[in-house]
Structures are given as structure tokens and as C-alpha cells.
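Peer 1: Everything below, folded, please.
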Amino acid sequence: MTRNAVGGVSRKCSVHVGGKKTRTLRTGVLRQREDDARELRASLLKKLPLTEHERLLTSETQQRGPNSSPPTLSDDFSFYSMDIDSMIPPPGEEGFSVSHAGDEVTIYRELEELTTSTANRQRLDTRDRSGRIALLASDWASQYEALTDALLNYMHDPLEPLEPPSSVNETDQFTIEVVDIFGSSPIRPTVSITIRTLDVYRQSHRVTPRFSIHAEAKMLCFLHGVYYRRHLAEQLRISYDVYLELHRRIDHRLDKVLGHDSENWRMLNSCPACQYKLTDEPPLEFSILCACDGNNSAKLVDPAICGGQERLDTRIGTSSIWLNESYVDAFKDEVRSARTRQARDQCPARDPDDPWVDEPDSVDSAEPRTVMKYPIALVKKLMDVFRSNILYGYDIKCAFEKILLRSTLGDSAKRLNVQGVVPAFHGHAHNRFCQLQHHSKHKLGAGLEDFETCERVFSESNALASEIRNATEFHRHQALDEHFHFADMDRYAALSDFIFNNYVQALTSISMTTTFLANFHASNPTLDPDFDGDLKDERLFLQRLGTKKDESSVEIDYVKALNEYEEAQLAYEQARIQFGQLDLRPNYSLKDAGNVRRRHTHAATKRDQKVDVVIDYERQMALDARWGPDHPERVKAQSHITNHLYHKAVDDVERLVVMRLLELTKLQMSGLGTEIQTKRWANPSYRHASTQHLAHQRAKEEIRRLNVEVGRLCTKIRDDALDYPRAIAQLELDNPPLAAHLQRRWQWLRSANGRHLWRIDQILQLPGYSSPMSPGTREGRQCEVTSALEGAQHGLADEADEGEGDEDALSRQLQDVHAYMEGLNHHRVDLEFAE
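Peer 2: I've put the predicted structure just below:
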């Protein structure tokens, strides 16, 4: 028998009340009568004096006895609940039970102190984890500015005691023995982490990204002889988050002082050799070379694969190098919109490798359309920041270029001369015709760049995958931002080595290809090679084999549109049947049900697109009725289409065979072709000479670019020697702690620049070097070498009366600039300093 939710009596049970007239009461009536009796009893007790009230309760207890059960009509426990109304004393007797005679007031006060003490009371926290994180972030945010100042003062002078923050309430004050700490709580910290520990962990995590916060917590526990518990890692994580936020705010203050806080400053200054453009420098074919690719290792694990849901964290862990979600989502419908425009325009000639032509009937067909928003958004950002003459490398550039040109960015990309190439390594997986069009070695102005930068970058950042794939959005962005911040520093420190190695590689390539081509001409004196013209002829030959011989008749195009519409209608009918049976398949998982719905939506959309094309043709041909399968004109047009498909299949086979034969020539397997034997570019030795010719041209382009990059790097080093000491001198007067932090940054930068000067001196000694011998002037910046030195001299004279200390400081600064410039002009640097 089941019990109801209120008492212990079954809902189907009834009570028979005896007497001359028997009545049957259901459970609901019993509950109502019981509630009425309880209210009546409470009202009567209120009217009694307090003494009579207590005497009545005592007598009732004695009559029941210690072992007797309370008189109740049901088996529930409502009798034992406290009746608050019955305990309220009548008017005039409120103070009876708290008289001073029995010292009850003292007891009540002690009880109040025990129950309200925050030290011994455990509060029930009804918030979820996201709510606690939001409150924690809010409490920290109110202290960040003061903590930033305190951290700067501590790093400036660790021995100087810091003033504790003022508190309105004395209960908010607390005492911690260690001074240089970050608490794990913004209000009442009980665990503290030293700043030195956080400094060490940040640098350790920089060089070893797999070294997680949990590993650091375990290491500290072992060092201090404490058993590791997971909440210790969480406390360390909270302290580390605050530590990074304070350093981010310090960097923001320094960037503002140096003038590095403008929009897109980091993108425009990430590589001085690429972006530090000088006045009157030789023009380059492309102003910027870049690479783009996707990386699944850094993504959050899909909840459909791994159980659970991403925890909400409202904090922001990104910097200026990130594209926000709204910026990227603006291009999520580019593929669908362009495909609709193409279907309506009905271009007569179509590329057989065109990814826009035929869309497979797959439930995952929507995924590629959505994924393409990322490279389109990247190209948009590149055009916004670097403007024109951009060359990018992308593994699927051959397909992406068609998508880009048919998107809303197509006209801007053509106008700004945005071009792309397939990277050197990935290009060999494409067919010969694709290589002739898109491979980097065939691109004028690409130099020796292989455009495989993303592969090397991802091989380093993937070390974070185990840490960030199940992290919150904030911590995932924070870890990646920290990684690439240090990666930029490492790239800058190795920049001169990169230029030197590329210079050596280019000079070696020029020497080897020159020798080979000279021997080739000597071995073939009667041959007048035209390598560039032969490559163009080969490309046209392969393109002719792959060109579709479409009929220009409108009737044939109309029949093609009818065939595509009927196929789309058939696919829609099949998807509709499955969608209609979805409610009859309770065993379907959420993923399977979602696939059925997506297939139905996709089929309906495709059918609507095809029928719009058919209607456009019917309007153009002024047809009164649609052609059926037995219509004479449709039968005639279908015959032409069938013959065309046959010839197209033969041409495709021929094209593929020719490209395979050309690939076989790399294995010295010549003489396998018939038609192509007459082509000069099909000869293996000639093709090898053509490859050497291309390598020679790309090496010469690389030398021209490197000459420009050396001059840019020299100028950037000179400008750093002017900007940083000047900013430090100004901050020493306004904000000494911030000046000390900038001095430490300048110390690292000066060390890296010293290494660059040593490498540049080696580049100058290479044979064939033709770069400028002195720094230039950056575009948009006045020449400050002479003016800065003269200004410093005038400053010494003007401020001579203000104090000998200031004069000595400016004099030392002037001497440092003179010494630095002298070392730059002669390209000499102390070897001990460079080492």
C-alpha cells in the first residue's frame, strides 16, 4: 500500500464514523478536520496566561507518559513540529520568561554569540560553481588596481614593508606572517602562495607547457611534507589567475607609456623584419607573408563525446591577438549564400575540382560550410590590418580561393591583391595541374618560404592540449595567450639567426642552381630553353584536358536543372519519410535524432534551391508547362547530355593519365606517353632543369627580401635604444616602481638586440651581401637620431640648475645612446655580451 505525501494513511483508505448515522470520511476530509482542530487549539492557548499555558502543556505530557505515543488521527510526525503560534505569550507577559531573576538574559546572549559566530558556524552554500566563480571574480576585481600597485612596489624594493589596506570593519582584518604572498581568497585568505613560487611556475610552464597547475601543487606538497588534496591545486589556480591578471595590468601600463596601446599594435609589430617598413626601401612583390591552418588539438572536447557540460566563467582570458566570436560568426553563411547565387547565375563553364558544384547528401555537409567562416574571417582581418599585397599559405588554398572570390570579400581581395599558395610540403599531395597553379615554388615573389609555419607552431602549442581540452573557456584562452606571448619573445630572440640561416640557404641555392644550369646549357648547346613559357604551356595543356565541353543551348541547361531538381526531390522524399518516423523510434539517441533532423532540413533547402533554378529557366524560355520525362525536346537534350558525359569521362581519364605519367618521370620512367612525348616540358632532364630554374628564381627573390629585412631589424634596434631609455628616465620621475619594471624589460630586449647585432655583423661578411650598411627611418616616424642627441644635450643645459643628480643621470643616458649607436654603426658588439 502506498503512502501519501502528507501523512501515513493511504489515499484510497476511508474512516467510518459510528453512531446512528454512519459517515465515511476520505483522507482529504480527515486532513482538513485535523488542521481545523490544530488552529482552534492554538487560538485557545493564546488566550491563556503564560503560567496556565505551561501548566497545561506539562499535564498533557504527564498523562501520555514517557513511552506513550502522541494522540493523533494519523501516523505522521506533524505532532512533533513546534507550534510557533502557541508559544507566543499573551500581551503584557512578554518578559516573563526572560526575567533577570533566573539570569535567562545572560544565557540567551551567550547562545546568540554561539549561533552567530562566523568562526564556528558552517554556512550552507546553495550557489553552484559558476556562481561562486562569479562572486570570486567580482571580489578580486575591486582590489586589482591596489594589488597592481602593491606588486610593483614589492618588485621595486622587496625589503620595504607595505602598508596594509585600510578596513572599515575590524572583523575584516587578518594577519599573515609571510609578506610576499597572494591569498587564495580575496576576503579572508587562509592559504598563501609566495610570489617567487608563482614566478618560478610561470617560467617553468613557459618552457614545459605540459607542466600543469596540479603537478605544481603536488610538487609543493612533497617539498613541504603535506598530503596532496585537490583543493590545494584549486587554491593555487586562484592565486595564479590573480598573479597573471596583475602582470597583464602592469604590461598595459607599460604599453601606454611606450605608445604600444593602439589598436592592432601587436599584429603590426609582431615581426620587425616583416612589418617595420622603412622609407625609400626597395619595393617587394608582397608586403607580408603569412600562413593559416586549423588545429583541432586546442579545441574544447565536445560534450557529445565526453560527458559533462562546460562550466560558465564570465572572466575574459583573451588579448588583442584574438578574434571574438561575433567577428567570426559574421561569415558563417558565406558558403551557403555564394552557392545560392551561383545556382541562380548558372555559370556555363564549371571547374571539375570546384567544391561549390555538387554538395553531397550527408548529415555533415553543414559542418564544412560553418568551418569555412574561420579562414574567411582571418583574411578579412589581414586586409583590415595590412591592407594590400598579402600572400598567405593554406593547405586547401586551391579550393579556398574559389570560396573567397565568390564571398562578400571577393571584390576587396582582388582590389587589394590578396593571393595564396599551397605550402611546399602539402603541395606535393596535390595533382600536377594544382601544383602548377598553386604551389609556392611556382609563385612569383614567394622566395624560399615554405609556408609550413603553422605546423611548427602547432607542434609546440599542442603540448597544452592535455591541459586545455577540458578547461573552461577562460582558462583555455589564458593558457594559449600566455603560450603565444612567450612564443613571440622566443621568435624575436631567434630572428637574426633565422635571417642568417635563410641568407646562407639562398646563397647556397643560387650557387648550386647556377652551376647546374651552366652545365645543362653546355650539354645542350642547340637548345634554347624557355622554362617559364614551357610551364605555362604545360598548365594550358592540362587545363584543356580538364575543361568541360558544355553545350551552350538553353534547352540543355534547362534539362540539367530538371535532372538536378528531380534528384533533390527524391532525396527530400526519403528524408521526409525518416523524419516522419522519428517519433516512432524511441531507441534513437540524441545524436541519431539530430542527424535525421539535419538531413531533412538540408534536403528541403537543396530542393528549394533547385526548383528556383528550374523556375528561372522556365520564365526565361516562356514555357507554359514543365517538360516531363517523355517530352520530345527533353529526350533530345538528354541524349546530348549523355554523350557529353561520356566524352567528359574520357577526357578526365586522359588528364589523370597524363598527370600520372608526369609524376612517373620523377622516377626516371620516361617514354610511357604517346601524345606528350612531343612536348619539350615532358622530357625528364628538361623538367629537372626547369625545377632548378625555379629554385634559382625563388632564391634571388629571397635575397632581395632578406636585404630589406636586415635594414628593418637594424632600424628597430636603433629605435629601441632611443625609446626605452627615454621612457625609463621619464618614469623614474613619475612612477619609480613602474620604471624599474620597464628597466627589466629593456634589459632583456637589449640582450636580445646585442645578439642580433652580432649576427648582423656575420651577415655583412657573407659573399654577395647587398643590404644597406646603416639604419633607416621607419614610415611615419621622424628621424630622431640627431634630434634626440641634440635634445638630450639641450636638456642637460636647461636642467643644470635643478640638481647635480639629474644632470648625471641624463649624461649617463646620453653616453649610453652614443655607445649603442657607435656599436650599431660599426656592426660590432662585445662577444662576451653576445654570448
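
Peer 1: For S552, give me the pLDDT.
Peer 2: Looking at S552, its pLDDT is 53.

Peer 1: for this protein, what's the longest helix?
Peer 2: With secondary structure taken from DSSP state H, the chain has its longest helix at helix 684-734.

Peer 1: so what does that helix touch, helix or strand wise?
Peer 2: In this structure, helix 684-734 makes packing contacts with helix 230-258, helix 272-275, helix 495-523, helix 531-546, helix 736-764, helix 785-798, helix 804-826, judged by 3 or more Cβ pairs under 8 Å, 6 or more residues apart in numbering; DSSP states H and E. All C-beta spots, glycine's among them, are computed from the backbone N, C-alpha and C.

Peer 1: Throw the ones you listed into CSV and include mean neighbour count and mean pLDDT, thanks.
Peer 2: Below are the helices and strands packed on helix 684-734 laid out as CSV (neighbours: other Cβ atoms under 10 Å; pLDDT from 0 to 100):
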stretch, mean neighbour count, mean pLDDT
helix 230-258, 18, 92
helix 272-275, 19, 94
helix 495-523, 16, 95
helix 531-546, 16, 86
helix 736-764, 18, 94
helix 785-798, 13, 42
helix 804-826, 14, 48
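
Peer 1: Columns distance to V328 on top of the ones you listed, output as JSON lines?
Peer 2: Formatted as JSON lines, the helices and strands packed on helix 684-734 follow (distance: least, Cβ to Cβ, whole Å):
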{"stretch": "helix 230-258", "distance to V328": "23"}
{"stretch": "helix 272-275", "distance to V328": "24"}
{"stretch": "helix 495-523", "distance to V328": "30"}
{"stretch": "helix 531-546", "distance to V328": "34"}
{"stretch": "helix 736-764", "distance to V328": "33"}
{"stretch": "helix 785-798", "distance to V328": "43"}
{"stretch": "helix 804-826", "distance to V328": "43"}
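
Peer 1: Which one, of these, ends up nearest to A649?
Peer 2: Among the helices and strands packed on helix 684-734, the nearest to A649 by Cβ to Cβ is helix 531-546 (12.0 Å).

Peer 1: right, and the helix or strand after the closest one?
Peer 2: Per DSSP states H and E, the first helix or strand lying C-terminal to helix 531-546 is helix 554-580.

Peer 1: Could you list the buried residues of that following helix?
Peer 2: Buried residues in helix 554-580, counting neighbours by 16 or more other Cβ atoms under 10 Å, are found at 555-562, 564-565, 568, 571-572, 575, 579.

Peer 1: List the contacts of stretch 202-221.
Peer 2: 197, 201, 226-228, 230, 232-233, 236-237, 240, 243-244, 460-461, 463-464, 466-467, 479, 482-483, 486 (Cβ atoms under 8 Å, 6 or more residues apart in numbering).

Peer 1: how long is it from one end to the other?
Peer 2: Start-to-end span of stretch 202-221 (Cα to Cα, to the nearest Å) is 18 Å.

Peer 1: what does stretch 262-278 give?
Peer 2: 20 Å.

Peer 1: Need the residues that contact it.
Peer 2: 255, 260, 287-289, 319-321, 384-386, 488, 491-492, 495, 499, 708-713, 715-716, 776-779.

Peer 1: Whichever of those end up buried, select them in ChimeraX.
Peer 2: Per 16+ other Cβ under 10 Å, the buried members of the contacts of stretch 262-278 correspond to this ChimeraX selection:
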select :287,288,289,319,386,492,495,499,708,709,710,711,712,713,715,716,776,777,778
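
Peer 1: all helices of the stretch 201-350 of the chain, in order?
Peer 2: Ranges of helices in the stretch 201-350 of the chain, per DSSP state H, counting those that start in this stretch, are 213-224, 230-258, 265-268, 272-275, 325-329, 334-345.

Peer 1: Just the angle for the first one relative to helix 230-258, thanks.
Peer 2: In this case it means helix 213-224. Counting by axes from the mean of the first three to the mean of the last three Cα atoms, to 10 degrees, helix 213-224 lies at 110 degrees to helix 230-258.

Peer 1: Show me what counts as buried in helix 213-224.
Peer 2: Buried, per 16+ other Cβ under 10 Å, within helix 213-224: I213, H214, A215, E216, A217, L220.

Peer 1: Enumerate every residue touching the residue lying closest to L517 once chain neighbours are set aside.
Peer 2: Excluding its sequence neighbours, the residue lying closest to L517 (Cβ to Cβ, 6 or more residues apart in numbering) is Q692, at 5.9 Å. With contact set as Cβ under 8 Å, 6+ apart, Q692 has these partners: T513, F516, L517, F520.

Peer 1: ok so, going back, next, the angle from the longest helix of the chain to helix 736-764.
Peer 2: For helix 684-734 against helix 736-764, the angle by the same axes, to 10 degrees is 150 degrees.

Peer 1: Need the mean per-residue confidence for helix 684-734.
Peer 2: Here the average pLDDT along helix 684-734 is 94.

Peer 1: With just CA atoms, put stretch 138-158 into PDB.
Peer 2: Provided in PDB are the C-alpha atoms of stretch 138-158 (Å, rounded to 0.1, in the frame of the first residue of the first chain):
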ATOM      1  CA  SER A 138      33.900  40.200  -8.500                       C
ATOM      2  CA  ASP A 139      35.600  40.400  -5.200                       C
ATOM      3  CA  TRP A 140      39.100  40.300  -6.800                       C
ATOM      4  CA  ALA A 141      38.200  42.900  -9.400                       C
ATOM      5  CA  SER A 142      37.600  45.500  -6.700                       C
ATOM      6  CA  GLN A 143      41.200  45.000  -5.500                       C
ATOM      7  CA  TYR A 144      43.100  44.700  -8.700                       C
ATOM      8  CA  GLU A 145      44.400  48.300  -9.000                       C
ATOM      9  CA  ALA A 146      45.600  48.400  -5.400                       C
ATOM     10  CA  LEU A 147      47.200  44.900  -5.800                       C
ATOM     11  CA  THR A 148      48.900  46.000  -9.000                       C
ATOM     12  CA  ASP A 149      50.500  49.000  -7.200                       C
ATOM     13  CA  ALA A 150      51.500  46.800  -4.300                       C
ATOM     14  CA  LEU A 151      53.100  44.200  -6.700                       C
ATOM     15  CA  LEU A 152      55.100  46.900  -8.400                       C
ATOM     16  CA  ASN A 153      56.300  48.300  -5.100                       C
ATOM     17  CA  TYR A 154      57.300  44.900  -3.900                       C
ATOM     18  CA  MET A 155      59.200  44.100  -7.100                       C
ATOM     19  CA  HIS A 156      60.900  47.500  -6.900                       C
ATOM     20  CA  ASP A 157      62.000  47.000  -3.300                       C
ATOM     21  CA  PRO A 158      61.200  43.600  -1.700                       C
END
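
Peer 1: That one: which residues count as buried?
Peer 2: For stretch 138-158, burial by neighbour count (16+ other Cβ under 10 Å) applies to W140, L147, T148, D149, A150, L151, L152, N153, Y154, M155, H156.

Peer 1: Among those residues, which ones are in strands?
Peer 2: Judged by DSSP state E, the buried residues of stretch 138-158 include no members of strands.

Peer 1: Determine which two of those are furthest apart.
Peer 2: Farthest pair in the buried residues of stretch 138-158 (Cβ to Cβ) is W140 and H156. Separation: 22.7 Å.

Peer 1: Quick check: phi and psi at Y769.
Peer 2: phi -70, psi 130 (degrees, to the nearest 10).

Peer 1: whoops, I mixed them up, P423
Peer 2: phi -60, psi 160.

Peer 1: What about H483, how many residues nearby?
Peer 2: A count of neighbours around H483, defined by other Cβ atoms under 10 Å, yields 20.

Peer 1: That one reaches N462, doesn't it?
Peer 2: No: using Cβ atoms under 8 Å, H483 is not in contact with N462, being 10.4 Å away.

Peer 1: tell me the angle the longest helix of the chain makes with helix 531-546.
Peer 2: Helix 684-734 runs at 110 degrees relative to helix 531-546, counting by the same axes, to 10 degrees.

Peer 1: Can you check which of the helices of the stretch 201-350 of the chain gets nearest to A377?
Peer 2: Smallest distance to A377 across the helices of the stretch 201-350 of the chain (Cβ to Cβ): 4.4 Å, for helix 325-329.

Peer 1: Name the residues of the closest one that are buried.
Peer 2: Under the neighbour-count criterion of 16+ other Cβ under 10 Å, helix 325-329 has V328 buried.
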